[in-house]
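**Q** fold the following, please.
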Amino acid sequence: MKKLLLLLLVTAPVMAQHGFKMENGNVVWERFYSIPQNDIKAMVSANEQLSLSSAEEATYTGRGAEVQNTCSSGSTLMKCPVDFTFTIMTVADGYFVRVENFMFLEKYGPMQMRTVPTGLGKHYVERGKIRTTDKANTELACVDSFLSGVFSGGGANTALTAN
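**A** Next comes the predicted model:
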């Protein structure tokens, strides 16, 4: 609990818009849910594209594979499926989710047979900082909403559109 509180206090000032921040040159998404979640395994298994790789005490790690991004606004990138890794830490008053290695799975070729994973950094980072352009803010808000829905525990895998 103390480690989580310290982590939140240290990282809060460097958080960028929405739940995204830069950490060691990578874009990371974090969110704290103040709703106690008693069964993380059931929450994760409710979405068939999510899988747990380890569960130790109050820390769960896993992967999202080809999760269909539900963002309907912004560039065509927003409609691509995504891969990511995640860590969920439970505490007495809720749970904390951290998403790393977020990759858009862009399809190319005449029959879209070639898949090229591209990270958030390629599109939304400039000179080591998250871009703050209108387009970047709109698209990151949509990804933030999408990830919030994936990990909300309500089974909703939806995003609000940002026009």
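
**Q** strands of this protein, residue ranges please.
**A** Listed in chain order, the strands found in the chain under DSSP state E are 20-23, 26-33, 50-56, 59-67, 82-91, 94-108, 114-119, 125-126, 129-130.

**Q** Gly153 is nearest to which of those strands?
**A** Across the strands of the chain, Gly153 has its closest neighbour in strand 26-33 (6.9 Å, Cβ to Cβ). Quick note: C-beta positions are derived from backbone N, CA and C, even for glycine.

**Q** each with direction, which strands does the closest one pair with?
**A** According to DSSP bridges, strand 26-33 has the following sheet partners: strand 20-23 (antiparallel), strand 94-108 (antiparallel).

**Q** next, the buried residues of the longest one.
**A** This means strand 94-108. Within strand 94-108, the residues scored as buried using 16 or more other Cβ atoms under 10 Å are 95-99, 101-105.

**Q** tell me the residue furthest from the middle of the chain?
**A** In the chain, counting by Cα atoms, centre = their mean, Pro110 sits farthest out from the average C-alpha position, at 30.0 Å.

**Q** what's the least confident stretch among the strands of the chain?
**A** Least confident of the strands of the chain, judged by mean pLDDT, is strand 114-119 with a mean of 87.
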